[in-house]
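Enquirer: Dropping the sequence and predicted coords here.
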Amino acid sequence: MILSRVAERIYWMARYIERAENTARIIMVNSNLLLDLPKGIAPGWEPIITITGSSDLFSEHYAEVDERSVAKFLISDKLNPGSILNSLLSARENLRTTRAIVPRGTWEVLNDLHYYAEENKSKILSRKGRYEYLTHIIRSCQLIAGNISGSMSHDQTYEFVRLGRSLERADMTTRVLEVRAGNLLPKLADEFKPFDDIQWKSILESLAAYQMYRRHVHVRVKGSAVMSYLLQDKQFPRSIAHCVNEVENCLRSLPDSDDALRTLGHLQRLVFEADEKDMGRKMLNKFMSKLQVTLGQVHDQLSLAYYQTDRIKEELVETKESSKDRKEFAA
């Protein structure tokens, strides 16, 4: 079994890399969506802030939810812990202390990406520059994932990479569906309203799912089919079903995973028993919130089982030494 601090850092490295890629993708897709839709229908930039769960933090530092403010906040703002720059910095710091565990090429790509993101952040002020910047972020994150998958031993350490990546992906998918699909669900009774298909397509593109959806579903882009695909398709890597199954496979190869597996089983039942056709906006929000809470519980159980063992041991040693000192003092 690997050291708990190594497992934790590898896990968080994978989460932060995935977070940076996901954030870059939703910003880029939203920019394209605003160009495709008439002004009165376009959703604007506020939903992107909602997806990332940072509405309160954004409102503390920005007066208006406009394109430039949102882009700066989500890409380069050091005050936003979830910004792309901060995510890459956190991923780099977690990997820096565990470089001997992962392929050398992974560190080199991540290190180069971090410096690129920092040195070229001024590009985000123009749409063309932002597109080039975000495309580089996405491709570099995918290069890192491919390097790890193709060059790293698929042992217990690798399982923590998969755990971090899969939980982060599942969380992002729930957030995109909650916010983006939630705004469209009242229209599900009339799938063929103008511009609805463009917005459902943007949901798929936010999760890199459009091409695979068209290949496997074989229907036009419409709400109920998109919801079903992103919730329950077992083969698409960013569907919630695939992500939770990946987490299960990882946990079954690790010791002390019974508590997390029980919670994960509950999560799987929620996903596979869901009927997206009966969901209104209110029900969808409640359902996705429940999934997000359960994903958080799985994370907490991973932390207790694997990441806190060194700290617990240290606390036990300190307690024993303190008790010994008290006895000697009393004597």
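Expert: Thanks, I have it. Predicted, not measured: the structure shown is a model, and the values here were computed from it.
Enquirer: Next, the buried residues of stretch 24-42.
Expert: Applying a neighbour-count criterion of 16 or more other Cβ atoms under 10 Å, one finds 24-31, 33, 37 buried in stretch 24-42. (Glycine included, C-beta is placed from N, CA and C.)
Enquirer: pLDDT of it, averaged?
Expert: For stretch 24-42, the per-residue pLDDT values average out at 83.
Enquirer: Name the spans of the stretch 201-331 of the chain whose pLDDT lies under the cut-off.
Expert: Along the stretch 201-331 of the chain, segments meeting pLDDT under 70 span 278, 309-331.
Enquirer: how about a cut-off of 80?
Expert: 218-219, 276-282, 308-331 (pLDDT under 80).
Enquirer: Break down it into its strands, ranges please.
Expert: With strands called from DSSP state E, counting those that start in this stretch, the stretch 201-331 of the chain shows none.
Enquirer: ok, of the buried residues of stretch 24-42, which one's closest to residue 85?
Expert: Closest approach to residue 85 among the buried residues of stretch 24-42 (Cβ to Cβ): residue 24, at 11.1 Å.
Enquirer: For that closest one, pull up the helix or strand it's in.
Expert: Taking DSSP states H and E as the definition, one finds residue 24 inside helix 4-36.
Enquirer: Buried residues in whatever helix or strand comes next after that helix, which are they?
Expert: Of the helices and strands lying after helix 4-36 in sequence (DSSP H and E), the nearest is helix 46-51. Judged by neighbour count (16+ other Cβ under 10 Å), helix 46-51 contains these buried residues: 47-51.
Enquirer: How about stretch 141-151?
Expert: With burial defined by 16+ other Cβ under 10 Å, the residues of stretch 141-151 counted as buried are 141, 143-145, 147-148.
Enquirer: Could you give the average pLDDT over the host helix or strand of residue 162?
Expert: When secondary structure is defined by DSSP H and E, residue 162 falls within helix 156-176. Helix 156-176 carries an average pLDDT of 97.
Enquirer: now it, how far from the centre of its chain.
Expert: For helix 156-176, the separation from the chain centroid amounts to 7 Å (computed by Cα atoms, centre = their mean, to the nearest Å).
Enquirer: What angle do helix 156-176 and the helix holding residue 24 make with each other?
Expert: Taking axes from the mean of the first three to the mean of the last three Cα atoms, to 10 degrees, one finds that helix 4-36 is oriented at 30 degrees with respect to helix 156-176.
Enquirer: for residue 3, phi and psi?
Expert: Phi and psi for residue 3, reported as degrees, to the nearest 10, are phi -60, psi 140.
Enquirer: quick revisit: ok now the helix holding residue 24, how far from the chain's centre?
Expert: Here helix 4-36 shows a centroid-to-chain-centroid distance of 6 Å under the convention Cα atoms, centre = their mean.
Enquirer: Who are the packing partners of it?
Expert: Helices and strands touching helix 4-36, as assessed by 3 or more Cβ pairs under 8 Å, 6 or more residues apart in numbering; DSSP states H and E, comprise helix 46-51, helix 67-75, helix 84-96, helix 127-151, helix 156-176, helix 196-206, helix 309-330.
Enquirer: now these in CSV, with distance to residue 225?
Expert: Supplementary listing: these in CSV, determined by distance: least, Cβ to Cβ, whole Å:
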stretch, distance to residue 225
helix 46-51, 21
helix 67-75, 29
helix 84-96, 31
helix 127-151, 25
helix 156-176, 16
helix 196-206, 9
helix 309-330, 45
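Enquirer: Out of those, the one nearest residue 263 is which?
Expert: Minimum separation from residue 263 across the helices and strands packed on helix 4-36 (Cβ to Cβ) falls at helix 156-176, 11.9 Å.
Enquirer: for that closest one, packing partners?
Expert: Other helices and strands packing on helix 156-176, by 3+ Cβ pairs under 8 Å, 6+ apart, are helix 4-36, helix 46-51, helix 127-151, helix 240-252, helix 281-302.
Enquirer: Of those, which is nearest residue 275?
Expert: Residue 275 sits nearest to helix 281-302 of all the helices and strands packed on helix 156-176, at 10.0 Å, using Cβ to Cβ.
Enquirer: who touches residue 266 in this structure?
Expert: Shown in contact with residue 266 (Cβ atoms under 8 Å, 6 or more residues apart in numbering): residue 294.
Enquirer: now do 6 Å
Expert: Residues in contact with residue 266, defined by Cβ atoms under 6 Å, 6 or more residues apart in numbering, are absent; none qualify.
Enquirer: and residue 44, what are its phi and psi?
Expert: Backbone geometry at residue 44, expressed as degrees, to the nearest 10, gives phi 80, psi -160.
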